[in-house]
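Visitor: 3D model of this:
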Amino acid sequence: MPWINFVPYDRADGDLKKAYEAIYSVYPGEYRDPVPSLVKPDGTEDSIVAVHSLIPEAMRHMMSGLGVLLQPNLPLTRRQQEMIAAVVSVHNRCFY
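Guide: Numbers count the residues shown, from 1 in each chain. Take a look at the predicted model:
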């Protein structure tokens, strides 16, 4: 999906690796596991987090904020969060 250069987690080091770890530490467990339908035949997957990897500090701020918004103790269920994401994606004509 990404049409820009990015650095996946398994190839990250230094500040980028720290940014990935900070982001993944705030995501609820059910959001950390890969979605089988998004895994490509070569084992890779598109990642909305990874497409922000060229600017690690911006990635850390943006995606950590999203991780906090996905916490299970908030009033929206995962089903509702996914529905909102799907409607926005359709509106934006985006596969995600």
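Visitor: only C-alpha atoms from now on, for both contacts and neighbour counts.
Guide: Noted.
Visitor: how about residue 28: what's its closest non-neighbour residue?
Guide: Spatial nearest neighbour of residue 28, chain neighbours left out: residue 71 (6.0 Å); criterion: C-alpha to C-alpha, 6 or more residues apart in numbering.
Visitor: with residue 52 instead?
Guide: Residue 52's closest residue in space is residue 59 (C-alpha to C-alpha, 6+ apart), at 5.2 Å.
Visitor: how close does that neighbour get to residue 11?
Guide: Remark: distance between residue 59 and residue 11 (C-alpha to C-alpha, to the nearest Å) = 16 Å.
Visitor: the more surrounded of the two?
Guide: Neighbour count, other C-alpha atoms under 10 Å: between residue 59 and residue 11, residue 59 has more, with 20 against 9.
Visitor: what packs against the helix or strand harbouring the more buried one?
Guide: Using DSSP states H and E, residue 59 maps to helix 56-69. In terms of contacts (3 or more C-alpha pairs under 8 Å, 6 or more residues apart in numbering; DSSP states H and E), helix 56-69 is packed against helix 14-26.
Visitor: what inclination does the helix it packs on have with respect to helix 56-69?
Guide: On the basis of axes from the mean of the first three to the mean of the last three C-alpha atoms, to 10 degrees, helix 14-26 is oriented at 0 degrees to helix 56-69.
Visitor: what comes up buried for helix 14-26?
Guide: 16-20, 22-24, 26 (16 or more other C-alpha atoms under 10 Å).
Visitor: cool, and stretch 26-44?
Guide: 26-27.
Visitor: average pLDDT across it?
Guide: If you average the pLDDT over stretch 26-44, you get 79.
Visitor: show me the shaky parts of this structure.
Guide: 1-2, 95-96 (pLDDT under 70).
Visitor: cutoff 90 now
Guide: 1-6, 8-10, 24-52, 61-74, 76-79, 81-82, 85-86, 89, 93-96 (pLDDT under 90).
Visitor: which residue is most remote from the mean position of it?
Guide: residue 75 (20.8 Å; C-alpha atoms, centre = their mean).
Visitor: now do the SS call for that one.
Guide: coil (DSSP: H, G, I helix; E, B strand; the rest coil).
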